[in-house]
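# Show me the folded form of this:
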Amino acid sequence: PTRYVVTKTHCGGYCAACPPEMYVKTPYSFLRHCLSGNRRQVSPTGNSEEVRVTYSPEKIHRAIHLIRNPFDNIVSRFHLEQHEQLKHDGTEMSLTKEGFREYCRKLNKKVDSAEHSSKLWDTSIYHLLKDVP
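Numbering: from 1, shown residues only. Prediction:
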């Protein structure tokens, strides 16, 4: 092709408060998620609607893999969670160092049991990861 369209996908690996079984991907599930997404289209009634689509791998000719500092990812998730919480119930988390640390503590507490008992890694891996936000 002479033209390319840049698209964004998390390829299914994004989930802030989920057990590892929901975000660790096999090569097959990673590909399926990369090829899937939502798109807007006009419905028969003339309204805009969002539909789930899966594209053929043959349509992919190039890829850009953006690798970010993991700490930047955590800060981005903190900001996203703050935005989502504000939309959901109108409350705001404190956008301070203390607010960020509290967010990390709550998130760690929420997923600790599932991560500790996960079959995807042994306890030595859990102990290496347990204090990473």
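# how about the helices of the protein, start to end?
20-23, 27-34, 70-89, 97-116, 123-129 (DSSP state H).
# Pull the number of nearby residues for residue 78.
Residues lying near residue 78 (other Cβ atoms under 10 Å) number 19. Every residue, glycine included, has its C-beta placed from N, CA and C.
# tell me the domain ranges of the protein?
With domains defined by automatic domain parsing, the chain comprises 1-66, 68-121.
# low-confidence ranges in the chain?
Filtered on pLDDT under 70, the chain yields the residue ranges 1, 133.
# Farthest from the middle of it: give me that residue.
Most distant from the centre of the chain: residue 45, at 32.9 Å, with distances by Cα atoms, centre = their mean.
# So which residue is dead centre in this structure?
Mean-position check on the chain, Cα atoms, centre = their mean. Result residue 14 at 1.9 Å.
# wait, it sits on residue 23?
Yes. Contact status for residue 14 versus residue 23: in contact at 7.0 Å, counting by Cβ atoms under 8 Å.
# Quick check: closest non-adjacent residue to residue 17.
Distances taken as Cβ to Cβ, 6 or more residues apart in numbering place residue 110 nearest to residue 17, at 5.0 Å, with adjacent residues excluded.
# now swap in residue 116 and tell me
residue 126 is the one closest to residue 116 (Cβ to Cβ, 6+ apart), at 5.4 Å.
# Can you get me a residue count around the one you found?
Counted with other Cβ under 10 Å, residues neighbouring residue 126 total 16.
# Including distance to residue 64, could the helices of the chain go into CSV?
Converted to CSV, the helices of the chain look like this (distance: least, Cβ to Cβ, whole Å):
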stretch, distance to residue 64
helix 20-23, 21
helix 27-34, 12
helix 70-89, 17
helix 97-116, 29
helix 123-129, 28
